[in-house]
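In: how would this look folded up:
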Amino acid sequence: MATDLSEIETKLSAARTRLILEKPFLGTLVMHLELKASVGDGGVRTTGTDARFFYYNPEFIRHLTLVQTQFMLAHDAMHCAIMNFCSHCGGPIALSVPPGDNLPRHVCATCGAIHYQNPKMVVGAIPEWEDKILLCRRAIQPKQGLWTLPAGFMENGETTAQGAARETWEEASAQVEIGDLYSLYNLPHINQ
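Out: Next up, the predicted model:
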């Protein structure tokens, strides 16, 4: 099914307007990015920015709610605002497509270091003991006070099983033996 670009542009305009009204700083950043549909070979799969344009895949935007579209705009605007200096040498950062890559990345103009900002992996466990499942009450936002399985972000240098076991220990003081993968969820609208 072909995507009607006017429908997508209307959604993007509405999301930009909401950002200006609800989050003026982010809205101002977003207003500096020209909207540009990116399709075909070499186009973005979701969204991206080079600090001049907000590149978007119309088919991806079509499936988002207005709130999710607003989040994607804000997310890409923050890439422009946050990454200004290299954590390796302190040199200035520019958004560019490194050789052999196909997406804009934060690249140091001085030392050439590439600062990737990739999805975050959340891992967890379903601890079972005597036919009961261990749950944890969330102590922080989001969803503070609600019950959940022990889970959290992976750390560098650990496997998914190691991360799940560590998170279970950190959140519930429970030592677990990690079995087979139970499930996998993809949440690209929040980069997880």
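In: show me what contacts residue 148?
Out: Going by Cβ atoms under 8 Å, 6 or more residues apart in numbering, residue 148 touches 135, 136, 137, 138. C-beta: built from backbone N, CA, C; applies to glycine.
In: From residue 133, how far out is the residue lying closest to the first one once chain neighbours are set aside?
Out: Of all residues not flanking residue 135 in the chain, residue 147 sits nearest, at 4.5 Å (Cβ to Cβ, 6 or more residues apart in numbering). In this structure, residue 147 and residue 133 are separated by 10 Å, where distance is defined by Cβ to Cβ, to the nearest Å.
In: which residues pair with residue 48 across the strands?
Out: residue 55 (DSSP bridges).
In: Number the residues from 10 up from this point.
Out: Happy to do that; since the first residue is 10 now, the last one works out to residue 57.
In: Show me which helix or strand of the chain is least confident by mean pLDDT.
Out: strand 102-105 (a mean of 82; mean pLDDT, DSSP states H and E).
In: packing partners for that one?
Out: strand 114-117 (3 or more Cβ pairs under 8 Å, 6 or more residues apart in numbering; DSSP states H and E).
In: strands paired with the strand it packs on, and their directions?
Out: strand 102-105 (antiparallel), strand 123-124 (antiparallel).
In: and these, which is most packed in?
Out: strand 102-105 (a mean of 17; mean count of other Cβ atoms under 10 Å).
In: ok, which stretches of this structure are strands?
Out: In the chain, the strands defined using DSSP state E lie at 43-46, 56-58, 62-65, 102-105, 114-117, 123-124, 131-133, 137-138, 141-142, 145-146, 156-157, 160-162.
In: re the thing from before, dump the contacts of residue 157 into CSV; add neighbour count as well.
Out: Putting the contacts of residue 157 into CSV (neighbours: other Cβ atoms under 10 Å) gives the following:
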residue, neighbour count
144, 14
145, 19
146, 10
147, 14
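In: Specify which member of those residues is nearest to residue 170.
Out: The closest of the contacts of residue 157 to residue 170 turns out to be residue 145 (Cβ to Cβ; 18.7 Å).
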